[in-house]
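>>> My questions concern the predicted model and sequence given below.
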Amino acid sequence: MSGQAAPVRSDLARRLRSGETSALPITALLVVIWIVFQALNGAFLSSDNLVNLTQQSAAAGVVALGVVLTLHLGQIDLSVGAVSGLAAAIVAVGSVTWGWPLALTLLAAVAAGLLVGLLYGVVHTRLGVPTFVFTLAGLLVVGGLQLRVLGDAGSVNLPFESWLVRFCQTAFIPPLASWLIVTAVVLVFALARLRDRARRLGAELAAPSLASVLGRVAALAAVLAGAVAYLGTDRGVGAVFALFVALVALTDLALRRTRWGRFVRAVGGDAEAARRAGVPVRPVLLAVFAACSTLAALGGVLAAGRLAAANQASGAVDVTLTAVAAAVIGGTSMYGGRGSAWSALLGILVIQSISTGLTLLNQDQSVRYVVTGLVLAVAVVVDALQRRAREA
Amino acid sequence: MTATEQAGTSAPTPVLSLRGVSRSFGAARALLDIDLDVYAHEVVAVVGDTGAGKSTLVGVLSGAQQPDEGQVLVDGSPVALADPASARSLGIAAVFQDLALCANLDVVENLFLGQEVVRGSLLDEVAMEKQAWNLLGQLAARVPSVRIPVAGLSSAQRRAVAIARSLLGEPRVILLDEPTASLGLTQVAEFLTLVERLRARGHAVLITSHSLSDLQAVADRIVVLRLGRTNGEFRADHVTYEDLLAAVTGVAR
Ligand SMILES: Nc1ncnc2c1ncn2[C@@H]1O[C@H](COP(=O)(O)OP(=O)(O)O)[C@@H](O)[C@H]1O
Ligand SMILES: [Mg+2]
């Protein structure tokens, strides 16, 4: 009876069509974008530019990671930008104007995000209000609070010597530490894969061949080592980008390998079926909204650090749009129940690459919007087609 | 051995009972003052026309719906089945009429949904997959892979997955809502064999159907529901088709 799993490669086409390999097409897209921009401007793939690109991706990427979580439920939080703006304002005004310790303002900002998310969760689970509309109301309220916190000045600068600014702008992981981290990650990955394979063989289940396991390990090692080596020819891997990637990896682990993650995907797929299977639907919804707003607040704090300022434009609608676009372009379905934490990373890299590439080509905002919009449109169409293929 | 035979030697306590249970949806009264007992080693068939209240009955027994009035008893003591998880922890499992599977999750994920096996704080996929093959093997269910989303399975395969899920953890009571509705004759026969095996293993089984004949071969007792009320209870080996038809339709013979 055991070991009848279909051969891995033969159904690749089906999985591509139905979107079960969401990371593959988007990685290919990223590579194409990079090749095109490199062909148009030789500076694009310079390590200097790539370091900037990664550093600029981090704050928006953290916001996008929260959006990925709500999209898993088939829900959307339109106020992530506003929450990130409020968080930026709290940190800047709190530490500069009010003279609070920076760490305390950071905690306050993240707590504010958590509170907003819990509120959304309660309203959604108790009253069944569609989050799409309710978070729109939240956007206005939170946006108003942000203006109030910023006060008349409307803009507060963070001192360059503050650790938040240094963390977001000039902190890079030292080369030795980078290599140690890469080695540790590859080793842990390899051991986990090998042990999993051994357990599957022991249980007489279909197991990947040793060659394919080693292939995956080698691929991971190559990507990580390549990135560290190449970015290392410039300033290296930024601390804030490393934090973002670590958050993505943790979220990925939570979504794929914990009960909570399974519940999230079940509720996103079919909430009533999940409820009847015994999934605690309300706590799951609450946790996801709370996590989304908390990540949005953290993203706002990082954006303030990167900019060394918070102002009325912090967390503008642009932030929400970028985060949602990144999540969807990255391959997380809008219909709920399907996606990956990695889509936040891949999606934001695509958007940032387009933005940076067009800037290098002296194109203005208008072109950037149009190109990003077209890529998003394609992503949405692909998502819809994959959904149809799954239902066929 | 049926409950009626047991009654001679000692008075067995029903595993699951309803006392005076009512449930309305606005003006529609889906269940009205229902009394019902289900014993171990017994198959109870609940038959009734469409809209008679069968699914609502299964909903109340499985914790998916709450009664407006009346009590649910497990082993003779009143319990509050606040949600399906609490029913499950009391040993009551259900296969719903619409199966209640998450189409985006694969077979293993659906089988163990809400009852995942964990190792440390991470899911133990190997243990779950192994057990999934065993369970499906017991049911002689043929699925191409336990790692494809349920959306890609035929309706018979999905039903097998839903039934396998209900068997997980050896529940004492298994509720099956219209399991034979979309089955062909051969499949019905296979299904009845499975139900007989469940009874032999000591499970209490409650099956609903809108067909009068499907379950007569396997049931010990047949309870007729009509417009939310119990309209007769019969020993399956004594009742005639005409008696059942009269009770189900409410037309006097
Ligand atoms: N969720 C619901 N909302 C409103 N009415 C319902 C709902 N569920 C069931 N009903 C009504 O309750 C009655 C019994 O339904 P049901 O239990 O589904 O019957 P059966 O399963 O025997 O066909 C029907 O009149 C039906 O319309
Ligand atoms: Mg029904």
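Good, I have the coordinates. Numbering: from 1, shown residues only, chains lettered A, B, ... in the order given. Ligands and ions are numbered 1, 2, ... in the order given.

>>> in what helix or strand does the spatially most central residue of chain B lie?
Geometric centre of chain B, nearest residue: B:Leu175, 1.3 Å, by CA atoms, centre = their mean. Per DSSP states H and E, B:Leu175 falls inside strand B:173-176.

>>> For that strand, give me every contacting residue.
With CB atoms under 8 Å, 6 or more residues apart in numbering or on different chains as the test, strand B:173-176 has contacts from B:15-16, B:38, B:58, B:61-62, B:91-95, B:163, B:166-167, B:195, B:198, B:203-208. Every C-beta, even on glycine, is put in place using the N, C-alpha and C of the backbone.

>>> State the number of residues packed around the closest residue to B:Glu69 other than its chain neighbours.
Nearest residue to B:Glu69, sequence neighbours excluded (CB to CB, 6 or more residues apart in numbering or on different chains): B:Ser22, at 4.4 Å. Neighbour count of B:Ser22, defined by other CB atoms under 10 Å in any protein chain shown: 17.

>>> what do you get for A:Asn157?
Applying other CB under 10 Å, I find that A:Asn157 has 14 neighbouring residues.

>>> same thing with B:Leu168?
By other CB under 10 Å, 18 other residues sit near B:Leu168.

>>> one step back: now the buried members of the contacts of strand B:173-176.
Buried members of the contacts of strand B:173-176, counted by 16 or more other CB atoms under 10 Å in any protein chain shown: B:15-16, B:38, B:58, B:61-62, B:91-95, B:163, B:166-167, B:195, B:198, B:203-208.

>>> In strands, which of these appear?
B:16, B:38, B:92-95, B:204-208 (DSSP state E).

>>> Chain A next: which of the residues you listed are close?
Among those, the residues lying close to chain A (CB under 8 Å from any CB of the partner chain) are B:Ala94.

>>> State the mean pLDDT of the strand holding B:Leu175.
Averaged over strand B:173-176, pLDDT sits at 97.

>>> ranges for the strands of the chain?
You didn't pick a chain, so chain A it is. A:155-157, A:309-311.

>>> wrong one, I was asking about chain B
B:16-25, B:28-38, B:42-47, B:69-74, B:77-79, B:92-95, B:118-119, B:122-123, B:173-176, B:204-209, B:221-226, B:229-235.

>>> Output the lowest mean pLDDT helix or strand found in chain A.
Counting by mean pLDDT, DSSP states H and E, chain A has its least confident helix or strand at helix A:12-18, which shows a mean of 67.

>>> circling back to that earlier point, so what strands line up beside the strand holding B:Leu175?
strand B:92-95 (parallel), strand B:204-209 (parallel) (DSSP bridges).

>>> These into JSON lines, with extra columns for distance to A:Leu53 and mean pLDDT?
As requested, the strands paired with strand B:173-176 are exported to JSON lines (distance: least, CB to CB, whole Å; pLDDT from 0 to 100):
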{"stretch": "strand B:92-95", "distance to A:Leu53": "52", "mean pLDDT": "96"}
{"stretch": "strand B:204-209", "distance to A:Leu53": "61", "mean pLDDT": "96"}
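
>>> Which residues belonging to stretch A:144-159 are considered buried?
Those would be A:145-146, A:149-150, A:156, A:158, for stretch A:144-159 by 16+ other CB under 10 Å.

>>> Let's see which of those residues end up in helices.
A:145-146, A:149-150 (DSSP state H).

>>> Out of these, which is nearest to ligand 2?
A:Leu145 (49.6 Å; CB to the ion).

>>> ok, the closest one to chain B distance?
Going from A:Leu145 to chain B by CB to the nearest CB, to the nearest Å gives 36 Å.

>>> circling back to that earlier point, return the distance of the residue nearest to B:Glu69 relative to B:Leu90.
Applying CB to CB, to the nearest Å, the value for B:Ser22 to B:Leu90 is 22 Å.

>>> Same check on A:Gly42?
A:Gly42 is 70 Å from B:Leu90, by CB to CB.

>>> Among the two, which residue is more densely surrounded?
Neighbour totals were compared for A:Gly42 and B:Leu90, and B:Leu90 leads with 18 against 10 (other CB under 10 Å).

>>> interface residues of the stretch 51-200 of chain B facing ligand 2?
Residues of the stretch 51-200 of chain B found near ligand 2 (CB under 5 Å from the ion) are B:54-55, B:97.

>>> among those residues, who's most crowded?
Neighbour max across these (other CB under 10 Å) = B:Lys54, 24 neighbours.

>>> Could I get the contacting residues of it?
Contacts of B:Lys54 (CB under 8 Å, 6+ apart): B:46, B:48, B:177-178, B:208, B:210, B:225.

>>> Would you point out which residue of the stretch 51-200 of chain B is nearest chain A?
B:Gly114 (3.1 Å; CB to the nearest CB).

>>> What about the residue lying closest to that residue once chain neighbours are set aside, how many residues nearby?
Among residues not flanking B:Gly114 along the chain, A:Gly278 sits closest, at 3.1 Å (CB to CB, 6+ apart). Neighbour count for A:Gly278, taken as other CB under 10 Å: 21.

>>> Tell me who's in contact with A:Gly278.
Contacts of A:Gly278 (CB under 8 Å, 6+ apart): B:83-85, B:88, B:113-115.

>>> Got phi/psi on it?
In terms of degrees, to the nearest 10, the main-chain angles of A:Gly278 are phi 100, psi 10.

>>> For A:Phe132, which non-adjacent residue is closest in space?
A:Ile76 (5.4 Å).

>>> Go ahead and confirm the one you found touches A:Val67.
Yes - in terms of CB atoms under 8 Å, A:Ile76 counts as a neighbour of A:Val67; the distance is 7.4 Å.
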